[in-house]
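**Student:** Okay, structure incoming, though there's no sequence with it:
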């Protein structure tokens, strides 16, 4: 009887040990949720055709889903981005200040997974003749923007209102006519003064009403390729690339803003970067939209 009891006890202890080993741990059972989980894009509106996933990139710190769709006849690439640590992963690369322009593929962007073209610029071909900058020739091969900072180094501070975006620990931030002392972060991108096209989820660009002769109005009212950054929160963004196709030469800024508001849920703001022939989107070295031409800077994301 004693022998039987000992054998039974051994079998019982063995079974309990096996059960204990099979119990899932908290780590196995509960996956770590990303901070601010990726959003779901809306279905395009009545003037847009159904979208399709074109490319994707996924890691523990960066997720990029690129969709292709059309809107008012224009071809659109929308990159839905979730980023874990925006202060570290949103970066800027540029050409040498005042010396030359470079194609996006030629810039030193170490570890770049995803990138778009950035600021407008001044060159002999595209002088952006604006009294804001003074002697144009002295500003050839430089970025637009009354305040320009790259990797913490200030290249221009005219003391006038800054309109553009910056990369900070809180993600991308948008400014309109702001004092340079208010600008957070170590990198900025800018274009023209009317480029904060969506603010607090509202379209801020009027529809074209008359022929435009002013340079900024021409940029605003012309149907052309566009590069736009849409912010949802510090970790979620949608990068919009508008391209010409067939009879359509692109979208006006009003149309672009209307698309952003209809397509991106809970949009905070949208900022229009350089466009036209500068428009470019690249994922893992593959050019998805545009043909990289010499420009001044890019906005890129790393793991």
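**Tutor:** Perfect, I can see it now. Since the structure is predicted, the reported quantities are computational estimates derived from the model, not experimental observations.
**Student:** What segments of the stretch 51-200 of the chain are strands?
**Tutor:** Under the criterion DSSP state E, counting those that start in this stretch, the stretch 51-200 of the chain contains strands at 52-58, 62-71, 74-83, 90-94, 114-117, 121-122, 142-143, 147-150, 153-157, 162-168, 171-178, 187-189, 196-199.
**Student:** outside of the fourth one, which residues touch it?
**Tutor:** Meaning strand 90-94. Defining contact as C-beta atoms under 8 Å, 6 or more residues apart in numbering, one finds that strand 90-94 is touched by 83, 107-109, 112, 118, 143, 150-151, 167, 171-172, 187-189, 296-302. To be clear about C-beta, it is placed using only N, CA and C from the backbone, and glycine gets the same treatment.
**Student:** if we can go back for a sec, among the strands of the stretch 51-200 of the chain, which comes closest to residue 241?
**Tutor:** Among these, the nearest to residue 241 by C-beta to C-beta is strand 74-83 (4.2 Å).
**Student:** What is that closest one packed up against?
**Tutor:** In this structure, strand 74-83 makes packing contacts with strand 62-71, strand 114-117, strand 236-243, helix 253-263, strand 281-283, judged by 3 or more C-beta pairs under 8 Å, 6 or more residues apart in numbering; DSSP states H and E.
**Student:** In contact with the spatially closest residue to residue 272 that is not a sequence neighbour, which residues?
**Tutor:** Spatially, and ignoring its direct neighbours in sequence, residue 272 is nearest to residue 195 (4.1 Å; C-beta to C-beta, 6 or more residues apart in numbering). Residues counted as contacts of residue 195 (C-beta under 8 Å, 6+ apart) are 163, 164, 253, 271, 272, 273.
**Student:** Could you export the residues you listed as a markdown table, including pLDDT, neighbour count and distance to residue 219?
**Tutor:** Below are the contacts of residue 195 laid out as a markdown table (pLDDT from 0 to 100; neighbours: other C-beta atoms under 10 Å; distance: C-beta to C-beta, whole Å):
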| residue | pLDDT | neighbour count | distance to residue 219 |
| --- | --- | --- | --- |
| 163 | 96 | 22 | 13 |
| 164 | 97 | 29 | 15 |
| 253 | 94 | 28 | 8 |
| 271 | 98 | 26 | 14 |
| 272 | 97 | 26 | 9 |
| 273 | 97 | 25 | 12 |
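**Student:** Got phi/psi on residue 224?
**Tutor:** Backbone torsions of residue 224, given as degrees, to the nearest 10, read phi -150, psi 170.
**Student:** so what's the residue nearest to it when sequence neighbours are not counted up against?
**Tutor:** Nearest residue to residue 224, sequence neighbours excluded (C-beta to C-beta, 6+ apart): residue 250, at 4.1 Å. Neighbour list for residue 250: 74, 222, 223, 224, 225, 226, 242, 243, 244, 275 [criterion: C-beta under 8 Å, 6+ apart].
**Student:** Out of the residues you listed, flag the one nearest to residue 179.
**Tutor:** residue 275 (27.1 Å).
**Student:** Tell me what the residue nearest to the closest one when sequence neighbours are not counted is bridged to.
**Tutor:** Using C-beta to C-beta, 6+ apart and skipping residues adjacent in sequence, the residue nearest residue 275 is residue 226, 4.4 Å away. Per DSSP bridges, the residues bridged to residue 226 are residue 242.
**Student:** go on, the one 4 residues further on?
**Tutor:** Under the criterion DSSP bridges, residue 230 forms beta bridges with residue 238, residue 270.
**Student:** hang on, it packs against residue 269?
**Tutor:** Yes - if you go by C-beta atoms under 8 Å, residue 230 and residue 269 touch, sitting 7.4 Å apart.
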